[in-house]
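Trainee: Build me a structure from this.
(one chain, ligands or ions: 1)
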Amino acid sequence: MSGNRTFTMIKPDAYAAGNSGAILKMIEEAGFKLVAMKLTQLSADTAGKFYEVHKERPFYGDLVKYMSSGPIIAAILEKDNAVVDFRKLIGATNPADAEEGTIRKIFAKSIEANAVHGSDSDENAAIEGSFYFSETERV
Ligand code: CMP
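Mentor: Reported below is the predicted structural model:
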């Protein structure tokens, strides 16, 4: 059975461009409820830990540098079938491949500066949500 929570980050490019409000509006209009949210800036160390699964990938160093380059918004979202539906809403990792109307198609600048993160499984949604939020920081 699919879970009802996923985790997202509005990444430094989208925050810096002033697109956080528009992105959150699209997320809410698609039926997701915000159950935790914070504005923060990651250290390189913390960004490295969050993306540790990509440690061996050639883009890891740049990704860590980019994700710690400015403020981000982290949030846990609730909706039936959250992980799958959220990935549909944000579109493909590379905005060049993303469908029209998706968040990445509208707001992303590149495959790295791709506006938002979305968990790829229920298991990772739980891990990533707990990375940022304690029990008392969620509704
Ligand atoms: P995200 O969904 O947060 O997961 C890993 C991130 O690595 C991805 O979004 C991009 O921001 C970044 N990235 C940079 N280059 C690549 C690449 N070639 N393939 C996949 N992800 C990449």
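
Trainee: Report the separation between the residue sitting nearest the centre point of the chain and the ligand.
Mentor: The residue lying closest to the centre of the chain (Cα atoms, centre = their mean) is His117, at 2.4 Å. Here His117 is placed at a distance of 4 Å from the ligand (Cβ to the nearest ligand atom, to the nearest Å). (C-beta placed from N, C-alpha, C; glycine too.)

Trainee: looking at it, that residue is touching Lys11, isn't it?
Mentor: Yes: His117 is within contact range of Lys11, at 6.5 Å (criterion: Cβ atoms under 8 Å).

Trainee: who in this protein is up against the ligand?
Mentor: His54, Phe59, Leu63, Thr93, Ile111, Glu112, Asn114, His117 (Cβ under 6 Å from any ligand atom).

Trainee: For the fourth one, what is the enclosing helix or strand?
Mentor: With the criterion set as DSSP states H and E, no secondary-structure element contains Thr93; it sits in neither a helix nor a strand.

Trainee: for it, what are its contacts?
Mentor: Arg104, Ile111, Asn114 (Cβ atoms under 8 Å, 6 or more residues apart in numbering).

Trainee: Please convert the buried members of these into PyMOL selection syntax.
Mentor: Buried residues within the contacts of Thr93, by 16 or more other Cβ atoms under 10 Å, are selected in PyMOL with:
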select buried, resi 104+114
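
Trainee: mind listing what the closest residue to Asp122 other than its chain neighbours touches?
Mentor: Distances taken as Cβ to Cβ, 6 or more residues apart in numbering place Gly3 nearest to Asp122, at 3.8 Å, with adjacent residues excluded. Gly3 is in contact with Ala82, Val83, Asp122, Ala125, Ala126, counting by Cβ under 8 Å, 6+ apart.

Trainee: could those be laid out in TSV, adding neighbour count, secondary structure and pLDDT?
Mentor: Output for the contacts of Gly3, formatted as TSV (neighbours: other Cβ atoms under 10 Å; DSSP: H, G, I helix; E, B strand; the rest coil; pLDDT from 0 to 100):
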residue	neighbour count	secondary structure	pLDDT
Ala82	25	helix	98
Val83	22	helix	98
Asp122	17	helix	97
Ala125	23	helix	98
Ala126	16	helix	97
